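**Q** let's see this in three dimensions:
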Amino acid sequence: MLGIKMNLVILCFFLMNLRMSLGDIGEQPLSKIAIHKTILALHTSASITASPFLLGNKGEDAEWVTVELVSPEPAIDDWVGVFSPGNLNSSTCAPNPGGIGWVETPYICTAPIKYKYANHSNPNYKKTGKTTLKFRLINQRSDFSFALFSGGLSNPQLVAVSSNSVAFANPKAPVYPRLAHGKSWNEMTVTWTSGYDIDEAVPFVEWGPKGGRQIQSAAGTLTFNRNSMCGEPARTVGWRDPGFIHTSFLKELWPNTRYTYRLGHFLSDGSYVWSKRYSFKGSPYPGQKSLQRVIIFGDMGKAERDGSNEYADYQPGSLNTTDQLIKDLDNFDIVFHIGDLPYANGYISQWDQFTAQVQEISSTVPYMIASGNHERDWPNTGSFFNTPDSGGECGVPAETMYYYPAENKAKFWYATDYGMFRFCIADSEHDWREGSEQYKFIENCLATVDRKQQPWLIFAAHRPLGYSSNSWYAMEGSFEEPMGRESLQGLWQKYKVDIAFYGHVHNYERVCPIYQNQCVNKEKYHYSGTVNGTIHVVVGGGGSHLSDFTASPPVWSIFRDRDYGFGKLTAFNHSYLLFEYKKSSDGKVYDSFTISRDYRDVLACVRDGCEKTTLAT
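**A** Model prediction:
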């Protein structure tokens, strides 16, 4: 009997990991390119010319480049790759490129940062052998070259390389600022990327109240190398130098005060390099009554505005979500992106692409992140789920590229306060079960908030640890990550968590206030008084390929939408909270609910959440 039970446990874990591989269907477009199979087939009559040669003359960090292409033997599966650094020979390769079966040398040892089929903009290319392509390049600390391949993506043959390289005027310039909360309410961190190591230049932020005196705060510098990666392709064809990541801590901020800042580097020759000037608003004091607006979503990914890389339809809604948030930037105060950021999956160049895509948002409001399977998971590296979803990154780029106020950045859980909100951000890629280190953190985060001053208690994690009627969860019959509710619902109930948010499932779903699989309130849109349970919301439609629901919705599922969108919380005061689900396509509200209550309703006794009492006098 014991043996049968053990086999069932093993089978459950096998199915769980298999489901995680199948349920998150999608393939990083660059992984389709078998670059290690490249053979040289240079043709003297083929040519590629790119213009302009020099980009960013006025400090721009993104520019369009025109590529003129001529091929004497055009084929329908010809494609053009953009490579950076632009040197396409073995001199730029690691001594051992990974042992994945290089066909010949000199070889191209890294994947391109993007690609287009040669007939992308000209369906007559196969007849004429001539075409023009346009690529949008961002400053990534090195030059760019363009290469024409025949043989499709699976058997690439290098036909021609651009006669000239393209580069930014200052490839090392500070770019893509990312704001985040520090460890105290009145501290903002600024993180950015540059090409300057500390022996070349001293990084800092010049900042101060808008229109007031500006001061300078030093920044620390981090990076990571190929050996920091855990597996392929991050250690092999996906590797690209990430540059240097700088973080400065701006302290003793005044609440709700507008500050301006710019990134600086003091060079060894005595000169300065500056970014453009940005601004942000200081966070409200914990408990402060003011209008407070929060955006929350997961699984956005990145997409290319020039149409490159998108043949896999990998992150089709990514730009819509980004652009809607940029359009509405004046109407929210902080963003929570709860896991699965660029879906780089081991192609490190894509982290630059992602930070560039969201910089208009992240440079203006705190951009708080959580860990997802595509950031962290890799076999035998301490991930709770033994899957290869990170492409060998094992969390290193995410932990370095973004700041978040965790005690240990390798353990991606943290608490952060924003006015009347307390956010407890869990790491679903590490053990959360009762008795674990993370479980103790979660309970402490929930238990230490003063609900009189911060009535709105929010839990968030990447994977649904609560409820989702996604098709693969339905097939399991669990409607959750196994052991999610089993371990955590007691905490949600005891500490009266208002809302729990999740991503991972690429759709939108709202669940009734619920406890132990039972709705505890018949209302659907306006909750008042003592609610008695936690509302669970999946907001995983940030941009990645969409997930299907089970055909028959469970009784606890109030609203489901298989589309791209994001959530918005608005706290008007200590007694009234509004949640809205907006579609990325038009920014309009398609679902909403309100919570209205007094402090005594938070204190009220609920099932399994009552303090012990006595009749003694």
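
**Q** help me confirm that I535 is found in a helix?
**A** No. Counting by DSSP: H, G, I helix; E, B strand; the rest coil, I535 is not part of a helix but strand.

**Q** output the below-cut-off pLDDT ranges for the protein.
**A** 1-26, 90-92, 95-107, 617 (pLDDT under 70).

**Q** tell me the centre residue of it?
**A** Centroid-nearest residue in the chain, with CA atoms, centre = their mean: L341, separated by 1.7 Å.

**Q** apart from its neighbours in sequence, what residue is nearest that one?
**A** F354 (5.9 Å; CB to CB, 6 or more residues apart in numbering). For the C-beta atoms, the positions are set from N, CA and C on the backbone; glycine is no exception.

**Q** returning to what we had before: so what's the residue nearest to the centre of the chain up against?
**A** With contact set as CB atoms under 8 Å, 6 or more residues apart in numbering, L341 has these partners: 300-301, 354, 369, 372, 374-375, 398.

**Q** next one: it from F459, what distance?
**A** Remark: distance between L341 and F459 (CB to CB, to the nearest Å) = 20 Å.

**Q** next one: A398
**A** 20 Å.

**Q** what about the strands in the stretch 351-500 of the chain?
**A** In the stretch 351-500 of the chain, the segments counted as strands under DSSP state E, counting those that start in this stretch are 367-370, 414-418, 421-425, 456-461, 499-502.

**Q** got it, and the stretch 51-200 of the chain?
**A** Ranges of strands within the stretch 51-200 of the chain are 54-55, 62-70, 79-83, 114-117, 130-138, 145-150, 157-161, 167-168, 175-181, 188-194, based on DSSP E, counting those that start in this stretch.

**Q** nearest to G490, out of the ones you listed?
**A** Closest to G490 of the strands of the stretch 51-200 of the chain is strand 175-181 (CB to CB; 28.2 Å).

**Q** what strands flank that closest one, and is each parallel or antiparallel?
**A** Partner strands and pairing direction for strand 175-181 (DSSP bridges) are strand 188-194 (antiparallel).

**Q** for the partner strand, what is the distance to the chain centroid?
**A** Computed by CA atoms, centre = their mean, to the nearest Å, the separation of strand 188-194 from the middle of its chain amounts to 16 Å.

**Q** CA atoms only: put that strand into CSV for me.
**A** Only the C-alpha atoms of strand 188-194 are listed here, as CSV (Å, rounded to 0.1, in the frame of the first residue of the first chain):
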residue,chain,number,x,y,z
MET,A,188,13.2,55.3,-4.3
THR,A,189,15.8,53.3,-6.1
VAL,A,190,17.0,54.1,-9.7
THR,A,191,18.5,51.3,-11.7
TRP,A,192,19.9,51.7,-15.2
THR,A,193,22.3,50.1,-17.7
SER,A,194,25.5,51.5,-19.3
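
**Q** so after it, what's the next helix or strand?
**A** Scanning forward in sequence from strand 188-194 by DSSP states H and E, the next helix or strand is strand 201-209.

**Q** other SSEs contacting that next one?
**A** If you count contacts as 3 or more CB pairs under 8 Å, 6 or more residues apart in numbering; DSSP states H and E, strand 201-209 packs onto strand 188-194, strand 215-222, strand 244-250, strand 258-267.

**Q** just name the most buried of the ones you listed.
**A** strand 188-194 (a mean of 25; mean count of other CB atoms under 10 Å).

**Q** let me know the angle separating that one from strand 215-222.
**A** If you take axes from the mean of the first three to the mean of the last three CA atoms, to 10 degrees, strand 188-194 sits at 60 degrees to strand 215-222.

**Q** got the phi/psi numbers for the nearest residue to Y515 once chain neighbours are set aside?
**A** Nearest non-adjacent residue to Y515, counting by CB to CB, 6+ apart: G533, 4.1 Å away. According to degrees, to the nearest 10, the main-chain angles of G533 amount to phi -160, psi 170.
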